[in-house]
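Undergrad: Need coordinates for the following:
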Amino acid sequence: MKTDFTRAQVKALLLVASTSKRRTASPYADLLATAIDSTTPVAELARIKEQAKTILERAADRRHREAATLLYHAAVASAFVHHSALISGRPMRKQEALYRQFADAWDGRPLGRIFREAAARAASDTVE
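TA: Residues are numbered from 1 along each chain as shown. Take a look at the predicted model:
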């Protein structure tokens, strides 16, 4: 999964997520809410991550690709933050810069807090 995003791509991802309360704007709002819920078990987060990959592969347009990408990263970051679990094959330290971008853009919101914590832990942990 591609994780090196331009500033414009990050903004587009954030636009998708910022409208997630409207089902027509984000068809994956329920999955995103489940992904960032601290009580969602690791197995469910892994399932959501895999579902996001499938959505990404089948996406008919940019909006769906961006929503799937955000969903993927939200599930990975949430598993890492809430359960100290690694559900992605890519080392968390390689996600740090992207997660800092997401955290800055979502500052003060639950999604931003998860990404900020994931980035901070990725920078300080020796967990791969």
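
Undergrad: who touches G112 in this structure?
TA: G112 makes contacts with F102, A103, D104, A105, W106, as judged by C-beta atoms under 8 Å, 6 or more residues apart in numbering. Backbone N, C-alpha and C define where each C-beta goes, glycine included.

Undergrad: Check the gap between it and L98 for me.
TA: Distance of G112 to L98, given as C-beta to C-beta, to the nearest Å: 13 Å.

Undergrad: Strands - which of the contacts of G112 land there?
TA: In this view, the contacts of G112 have no member that belongs to strands under DSSP state E.

Undergrad: which one of those residues is nearest A29?
TA: A29 has its nearest neighbour among the contacts of G112 in W106, at 14.9 Å by C-beta to C-beta.

Undergrad: And stretch 28-45, what's buried?
TA: Within stretch 28-45, the residues scored as buried using 16 or more other C-beta atoms under 10 Å are Y28, A29, L31, L32, T34, A35, I36, T40, V42, L45.

Undergrad: How about stretch 96-112?
TA: Buried residues in stretch 96-112, defined by neighbour count with 16+ other C-beta under 10 Å: E96, L98, Y99, R100, Q101, F102, A103, A105, W106, L111, G112.

Undergrad: tell me which element the second one falls in.
TA: Using DSSP states H and E, L98 sits in helix 96-105.

Undergrad: for that helix, packing partners?
TA: helix 7-18, helix 62-83, helix 110-124 (3 or more C-beta pairs under 8 Å, 6 or more residues apart in numbering; DSSP states H and E).

Undergrad: run the last query once more with 6 Å
TA: Where contact means 3 or more C-beta pairs under 6 Å, 6 or more residues apart in numbering; DSSP states H and E, helix 96-105 is packed against helix 110-124.

Undergrad: remind me which residues of the chain are low pLDDT?
TA: 1-27, 126-128 (pLDDT under 70).

Undergrad: how does it look with 80?
TA: Within the chain, the ranges that satisfy pLDDT under 80 run 1-27, 125-128.

Undergrad: which residues touch stretch 103-111?
TA: Applying C-beta atoms under 6 Å, 6 or more residues apart in numbering, the contact partners of stretch 103-111 are L14, I36, G112, F115, R116, A119.
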